[in-house]
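Please find the sequence and the predicted model below.
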Amino acid sequence: MTIRLRRTNVKFSIWILKFGFTEGLSFMSNTKVLVIGLDGATFDVIGPLMDNGTMPCLKSMKETGASGKLTSVIPPVTAPAWFSLASGKNPGKTGVFGFQVRTKDDFEFEYLSSRFFKGNSFWDLLSEQGKTVGLVNYPMLFPPYPINGFMVSGLGSSPDQEITYPESLKDELNQVTSGYEIRVNYSDKHYRDADDLLITDINRVLDKNVAAALHLMKTRDWDLFMVVISVTDWIQHALWKYLDPSHPLYDQGKHEKYQPEFDRFWGRVDDAIARLMEQAQPGVTFILSDHGFGPMKKAFYLNTWLQKQGYLKKKGFLKKLFKRRAKGEDTRKGSRLLKEKLDVQKTAAFCLEQNILLGNIYFNHAQDKPGLREEIRKKLNDLTDSSGNRIDVKMYQPEDVYWGEHTHLAPDLFIVLDDFKYSVEFRLSDRLFLDRPSNPNRTGSHRLEGIMMVQGPMISKTKIEGAHIYDIASHILYLSGVPIPEDLDGKIINHLFTPSYLESHPAVYGKPRPFVMDEGFRRSDHVEVEKRLKALGYL
């Protein structure tokens, strides 16, 4: 599948490209752009809350601006989704298919970090053109690095590390927030049967993130300001079991107690958005999510299935194939599957620990087994649960959903069970299925369709159609008057803008900007990042 750019004022753009006048050429806009990311937000949740008056700010945005669904990437997971938003490229061009990134043809992985973001993100392009940018709580953007502005790392980092650029900003934020916080480990045993404590902690972290953003808005100059609110994802993971009467862990008494708390939380989010917009006085505001949300009801143990089908064999820990290297010192550990003593010589297919949202099947191409993919696809199409009922299995091949020079690094097959209602577990187990979530604190899961809402004088009152997460970078560059690199996958959605704005602000396209990792960064400490992601239930 290939999605091509749809441009505004095509004749003008082609003229610029033909004669090469893109260097330094742009309609340098003075429009201030505010972007608020609500991790995991879905219209299935916020739609009714807008209608009943709980979220008046977003309701006003919907009534006066543009809104619609925003399609995420495959897989709709935090790391590749936010990275595609930042880069404007599909994962096939960057190789970022999950939290763990494979940079070579072997099975050596590292965690997504700033060495992937730096130089490849829309804020780098803005910074290079003299625009002042501010980033707060952006997932996996660690360690922070110098830009024309300021940067505060988000998910994947810890407040006891250097999380800000400039470094002095950290002490300032700690003072403003009485100790800045980044995450709530909702998946931890600490919160089991402690929902009141979880909600209290989530609200506290929300308040601190917003307080930090408001402080930076007040005290710094900026042309683009982006803040990501991650707690919107975590509260849905944890409390979905109380929202859905069909969920296996549903409890009517707890529904009556926690549904109002859940709604009040979203009311606080709406109030935060209103305060951010009032303080910023932006020319245009984007409200975005990296993916949607829905229930997670059951679990499927994929490696156990592969083992029972004869595709996976255990034997020994093979250091040669799965050796972990870091400059001078091996600080990274291998996949947990390797600890299960995978016999690579006899294994044809396996799933690695990358996320539990869907299955990531890799083939052992050294075996060169003809027809392996189709054989596995056929068997999965006939998959039945423990009661003998057919399961809806959707499968994605990388060449069908990606394009670019890194497509070959993707898993050979992605599998989604019953529209993400099953988690797909990598651990070997004595069972194939579990008729409830594998973690009682992770009862909601991601979906492909997030949200996009835009408001500003140049924005039409319209329903947004056909928007993809990698379109966002192109729109931010366009509104900022900065040339859009020709190799971005994002398109300008014409119906989003008023005809007069499109006519007076033709899009400018610049030369391609190939994806390059910054080798000046120390690779993220594998063990510490893994601990943080596991505590959040991502692994």
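Thanks, I have it. Here the structure is a predicted model, which means the values were calculated and not measured.

per the record, what domains does the chain have?
Following automatic domain parsing, one finds the domains of the chain at 19-136+172-294+446-535, 298-435.

Give me whichever of the ones you listed is most buried.
domain 19-136+172-294+446-535 (a mean of 20; mean count of other C-beta atoms under 10 Å). Any C-beta I mention is one placed from the backbone N, CA and C, and that applies to glycine too.

Which residue ranges of the stretch 1-150 of the chain form helices?
10-19, 43-51, 56-64, 78-87, 91-94, 114-117, 122-128 (DSSP state H, counting those that start in this stretch).

hang on, Lys463 in a strand?
Yes - judged by DSSP: H, G, I helix; E, B strand; the rest coil, Lys463 forms part of a strand.

Mind checking the helices of the stretch 1-150 of the chain for the one nearest to Asp418?
helix 43-51 (16.7 Å; C-beta to C-beta).

Would you map the helices across the stretch 301-450 of the chain?
Taking DSSP H, counting those that start in this stretch as the test, the helices found in the stretch 301-450 of the chain are 302-308, 336-339, 372-381, 398-401.

can you tell which of those helices is closest to Leu197?
helix 336-339 (29.0 Å).

Quick check: pLDDT value at Leu536.
At Leu536, the pLDDT value in this model is 58.

Let me fix that, I meant to ask about Gly456.
At Gly456, the pLDDT recorded in the model is 96.

Could you list which residues are in contact with it?
If a contact means C-beta atoms under 8 Å, 6 or more residues apart in numbering, then Gly456 has Thr31, Gly65, Pro282, Gly283, Val284, Thr285 as its contacts.

wait, doesn't Glu481 sit right on Ser29?
Just so we're on the same page, residue 481 is Gly rather than Glu. Yes - at 3.6 Å, Gly481 and Ser29 qualify as touching, with contact defined as C-beta atoms under 8 Å.

who touches both of these two?
Going by C-beta under 8 Å, 6+ apart, residues that sit against Gly481 and also against Ser29 are His505.

so where's the chain uncertain?
1-28, 316-341, 520-539 (pLDDT under 70).

What distance do you get for the spatially most central residue of it to Met140?
Geometric centre of the chain, nearest residue: Thr78, 2.5 Å, by C-alpha atoms, centre = their mean. Thr78 sits 8 Å away from Met140, going by C-beta to C-beta, to the nearest Å.

Quick check: Thr285 touching Lys32?
No - under the criterion of C-beta under 8 Å, Thr285 is not in contact with Lys32, lying 9.5 Å apart.

Give me the next element, helix or strand, following whichever helix in the chain runs longest.
Taking DSSP state H as the criterion, the chain has its longest helix at helix 252-280. Note on helix 252-280: by DSSP states H and E, the next helix or strand toward the C-terminus is strand 284-288.

what angle separates that next one from helix 43-51?
130 degrees (axes from the mean of the first three to the mean of the last three C-alpha atoms, to 10 degrees).

Packing partners of the helix or strand following strand 284-288?
Note on strand 284-288: by DSSP H and E, the next helix or strand toward the C-terminus is strand 292-295. Packing partners of strand 292-295 (3 or more C-beta pairs under 8 Å, 6 or more residues apart in numbering; DSSP states H and E): helix 43-51, strand 444-447, strand 449-455.

Work out the sheet partners of strand 292-295 and label each with its direction, please.
strand 444-447 (antiparallel) (DSSP bridges).

rewinding a little: any common contacting residues for Thr78 and Met140?
Phe99, Leu155.

Phe433 bridge partners, please.
Assigned bridge partners for Phe433, using DSSP bridges, are Phe300.

State the distance from it to Pro295.
16 Å.

cool, and Asn441?
From Asn441 to Pro295 the distance is 14 Å (C-beta to C-beta).

One more: Gly253?
Counting by C-beta to C-beta, the gap from Gly253 to Pro295 is 19 Å.

what do you get for Glu256?
With C-beta to C-beta as the criterion, Glu256 and Pro295 are 19 Å apart.

repeat for Glu167
43 Å.

ok, these two, which is more surrounded?
Pro295 (24 against 10; other C-beta atoms under 10 Å).

Spit out the contact partners of Asn120.
Ala86, Ser87, Lys89, Thr94, Arg513, Phe515, Val516.

if we go to 7 Å?
Ser87, Phe515 (C-beta atoms under 7 Å, 6 or more residues apart in numbering).

For the residue lying closest to His406 once chain neighbours are set aside, what are phi and psi?
Distances taken as C-beta to C-beta, 6 or more residues apart in numbering place Gly95 nearest to His406, at 3.5 Å, with adjacent residues excluded. Backbone torsions for Gly95, taken as degrees, to the nearest 10, come to phi 80, psi 10.

hang on, isn't Gly95 packed against Leu409?
Yes - Gly95 is within contact range of Leu409, at 4.9 Å (criterion: C-beta atoms under 7 Å).

what is in contact with those two at once?
Arg102.

Tell me the spatial nearest neighbour of Gly490, not counting adjacent residues.
Going by C-beta to C-beta, 6+ apart, Gly490 has Ser474 as its nearest residue, at 3.5 Å.

and the one you found, that one's in a helix?
Yes - read with three-state DSSP, Ser474 is one of the residues of a helix.

Touching, it and Ile492? I think so.
Yes - with contact defined as C-beta under 7 Å, Ser474 and Ile492 form a contacting pair (5.9 Å).

Okay then, goodbye and thanks.
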